[in-house]
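Participant: sequence and computational prediction follow.
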Amino acid sequence: MKHLLIMALVSVSAFSQTMPEQMQNRAETLGGAVGNVIGPDGVKQTQQAMMGDGQITTLNGATAFSSQASCGSDAHYLNINGSFNASGLNVNITADTNLDGAMDSSYSVSGIDGLCSNGYFKCASPSTATGCDYYEWVGHPLGDIQRTTAQDVQRLYNCQCIHGSCDPNSFSYLDKHLETVGSGMVQNYQKQNPYFAVSNIEKVGPNLQFHGRVSTACSAIAPDPGLSSYFNNPHSQAPAASAEQASNHYYQVASNSAAQVDNSVETSCAIIRDVQLNEVQRDDIINFLSQSGASVSSCGTGCINVILGSGGDNNLHPSDGCDYFDAHAQFDVKRPDLITSVELLNYSYDDMYHLDINDSTIISTHGFLKTNPEPSSCEYGVDNHYPGPSIDVTGHFLTAGIKTITATVAVGGLGDHRAHFRIRFEESDETTIGVYAASQGRIRLECDYDLKIGSMTCVSDGITTVQHIDNSISFEDACASGTSSIQVIGSGNGFNPDTYWPGQITGSRDDTISVSVVHPSCSNNLIGSFEIIDTTSASNAATDTTWYLAQFFRYRIETSECTVNQSVIDNCAALPLDDCSLKHHSFDGVPILANYSPTGNTPATQTQTIVDGNCAVTLTEDFFTQNKTYTCPSAPPTYSVDTSHLQEPTFSGQNMTITTRNPDPSDPMSASTLTMPIPELPEDKPCAFQCRVKRTTNRNQVNASGNETNERGTGVTTEMFTRDCYQDVCPLEAGETIVEACTCLNEFAQVAASLEVLKLAGKDITCVVP
């Protein structure tokens, strides 16, 4: 027993001495292996292995295997070279259209003034980007590269002027410009052929060579065409996945796992455009406020009579040789655009008179102004009357605000005054149309008429038939709003035929008739008709032409004026959605997000006709209703966890000690203690050995407004770059200077601050003024 105890103590002692060193070695080995994979060189090697002929190895380097995503020999498929002259950049392009190793297509473009990520442009004035023609690179899935004319700069992006007038040093960046040209073409290749990938770019003399691979070469079996169909039609993935899942055993096991249960809850809300229509009433246009010595009354639809003074004869009695007497009416003009006319129809006074609107004189007799001091005498002894024509004062009512019409009469002895104004306004749009017909003799007259086109046709058994319609109205104006009224404002046969058909209808009018009529309406497409029958029992009625039949109808079509008040009610804003994810989102029934995925639909403007009472308005807006559905985490379940058996470890220096809970309080030895060393983990490189450089360049960006120098105070800008150092040397290009020499750059704090700025930029900002 003693020997066994000694061996156990020796083993524990040896373990405690060798374990830290072993764990240290393991950690360093693991750190080195991982560093080789996730470092810059490791990522590059992995990428090249997947796109080339290399291999990927396991972390310990024991096993290597092929992982090619694209196969076949490296294909040099695109070659670009170029030169600068006074007219701009000249580019020569050769391409291998079938990846057989032979350049079989060539193309040249000269006089390029500016480059974009997907095209280029030429300008009459490059420095101001005016008079420009824009071109976009196009091509086939590994076919000829050509260009097509872009409608405007909006189809291109990241455009920059490279002409010498924009940047005198532009010629020194020839390689960069050729890379931009090649990248635009490569983008087009990859749009046309999703299996195509760029594997390398090489500079050989004055040429840039682009190398590529096609993943279809990895197998003699063509790739599943469904992959392309899923890419072109994302909506087809969901039903295909559902069909596949039904027979997939692994999916059935995973989906029935308790960990796969979705405990989230859905919350739906809407953003609604609330539109309120109000029919315009008189007080919405011009509101009567007050009066003194005046009267205000209606004179029909859209008409107000205003009478200042009481009229009569000598009903004003001055207290001395001359007194002033005032009368006024005050209005609030709210819709001056609907005021059609304001007229002074007539006025009378005794002895001197002054009329004004907001202190602007309309009438002044005998040089009298209300602001003049009262004279000792002003008796003229004459009643003065102005019967017309009316005086137009509409101009005083063409702005919104308070309007006061004031009459002031100076009376000596006895006197009086009266002024009559008439205000007309549009409560509704009004159109009147009259239809007239007559026939010379006989017993029957029939007419059909169409108010939309102003046409009328009549037939009779008389010797002459005539008709007349004096106006027309479109169906849209009369009926589209749904709030029009069509009224008969006159009818009968009592009109003079010579007014419309001089000398054609003679004799006496036949009044012993019966009339049947169908009036035009929106329901019958504004078409009407009537028939007149002579009801006399005379034996010669059918042959007598000394009499004539006649009939007319006059219609008034009114459409209400309405005001539109709208607001957007966001019912989602009040919901606690901070921890929620948007699942569905639609604009007026058009889904733009379905099951967390964009649908590709773009919200289009919507046009709706809103009807409220007598108002109907057609509105075109970005949206009327947005519906949203969020998934939010449900309240977490509550668990009762017994932690009494758990013991917290204690730390001392580089050691951690764990003591288990004593299962038997009567036996102190039943508890156990385990002490473990804590190894130091190897430190990774804290930073990249880099330098920072800058260069001054001209502002040559181009957009729909032209060259950006037109919009800025200076035509130059400073560009900053971070470069990897090689053997403690900072690589410089032409025109660059070193801002910060090669050092251990650690910009984590700057990156974190930038990310926080971007995060805050995505949220609403509230400004509080103290």
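Facilitator: In hand now; what should we look at?
Participant: quick check, pLDDT for the nearest residue to residue 156 once chain neighbours are set aside.
Facilitator: Closest residue to residue 156 apart from its sequence neighbours, by Cβ to Cβ, 6 or more residues apart in numbering: residue 116 at 4.0 Å. All C-beta spots, glycine's among them, are computed from the backbone N, C-alpha and C. In this model, residue 116 is scored at 88, pLDDT.
Participant: got it, and residue 96?
Facilitator: 79.
Participant: again, but for residue 460
Facilitator: 94.
Participant: separation between it and residue 551?
Facilitator: 11 Å (Cβ to Cβ, to the nearest Å).
Participant: over to residue 91?
Facilitator: Going from residue 91 to residue 551 by Cβ to Cβ gives 83 Å.
Participant: the more surrounded of the two?
Facilitator: In this view residue 91 and residue 551 are compared by other Cβ atoms under 10 Å, and residue 551 has more residues nearby, 23 against 20.
Participant: the more buried one looks like it's in a strand, true?
Facilitator: Yes. Assessed by DSSP: H, G, I helix; E, B strand; the rest coil, residue 551 belongs to a strand.
Participant: hang on, isn't it packed against residue 530?
Facilitator: Yes. Proximity of residue 551 to residue 530 meets the contact threshold set by Cβ atoms under 8 Å, at 6.1 Å.
Participant: next, show the common contact partners of these two.
Facilitator: Taking Cβ atoms under 8 Å, 6 or more residues apart in numbering as the criterion, residue 551 and residue 530 both touch 447, 515.
Participant: picking up where we left off before, overlap in contacts of residue 460 and residue 551?
Facilitator: By Cβ under 8 Å, 6+ apart, residue 460 and residue 551 have these common neighbours: residue 445.
Participant: name the SS class of the residue nearest to residue 357 when sequence neighbours are not counted, please.
Facilitator: Sequence neighbours aside, residue 396 is the residue nearest to residue 357 in space, at 4.3 Å (criterion: Cβ to Cβ, 6+ apart). Classification of residue 396 using three-state DSSP returns helix.
Participant: for residue 396, which residues are in contact?
Facilitator: Here residue 396 is in contact with 342, 357, 358, 360, 403 (Cβ under 8 Å, 6+ apart).
Participant: neighbour-wise, which of those residues leads?
Facilitator: Neighbour-wise, the contacts of residue 396 (other Cβ under 10 Å) top out at residue 342, 27 neighbours.
Participant: and it, what element?
Facilitator: Secondary structure assignment for residue 342, by DSSP states H and E: strand 339-350.
Participant: ok, for the most centrally placed residue in the chain, nearest residue in space, not its chain neighbours?
Facilitator: Nearest residue to the geometric centre of the chain (Cα atoms, centre = their mean): residue 622, 5.8 Å. Sequence neighbours aside, residue 605 is the residue nearest to residue 622 in space, at 6.0 Å (criterion: Cβ to Cβ, 6+ apart).
Participant: quick one, phi/psi of that neighbour?
Facilitator: The phi/psi pair for residue 605 (degrees, to the nearest 10) reads phi -60, psi 150.
Participant: helices or strands up against the helix or strand just after the strand holding residue 342?
Facilitator: Remark: after strand 339-350, the chain's next helix or strand is strand 352-357, criterion DSSP H and E. In terms of contacts (3 or more Cβ pairs under 8 Å, 6 or more residues apart in numbering; DSSP states H and E), strand 352-357 is packed against strand 339-350, strand 360-364, strand 401-411.
Participant: could you say what helices and strands the longest one packs with?
Facilitator: Going back to what we said before, that points to strand 339-350. Judged by 3+ Cβ pairs under 8 Å, 6+ apart, strand 339-350 is in contact with strand 352-357, strand 360-364, strand 384-386, strand 391-392, strand 401-411, strand 416-425.
Participant: try it again with 6 Å
Facilitator: With contacts defined as 3 or more Cβ pairs under 6 Å, 6 or more residues apart in numbering; DSSP states H and E, strand 339-350 has these neighbours: strand 384-386, strand 416-425.
Participant: what lies in contact with that strand?
Facilitator: Contacts with strand 339-350, where a contact means Cβ atoms under 6 Å, 6 or more residues apart in numbering, come from 383-388, 390-394, 397, 409, 415-426.
Participant: please pull out the lowest mean pLDDT helix or strand from this protein.
Facilitator: Ranking every helix and strand in the chain by mean pLDDT, DSSP states H and E puts helix 2-38 at the bottom, with a mean of 51.
Participant: now residue 239: which helix or strand?
Facilitator: Judged by DSSP H and E, residue 239 forms part of helix 237-245.
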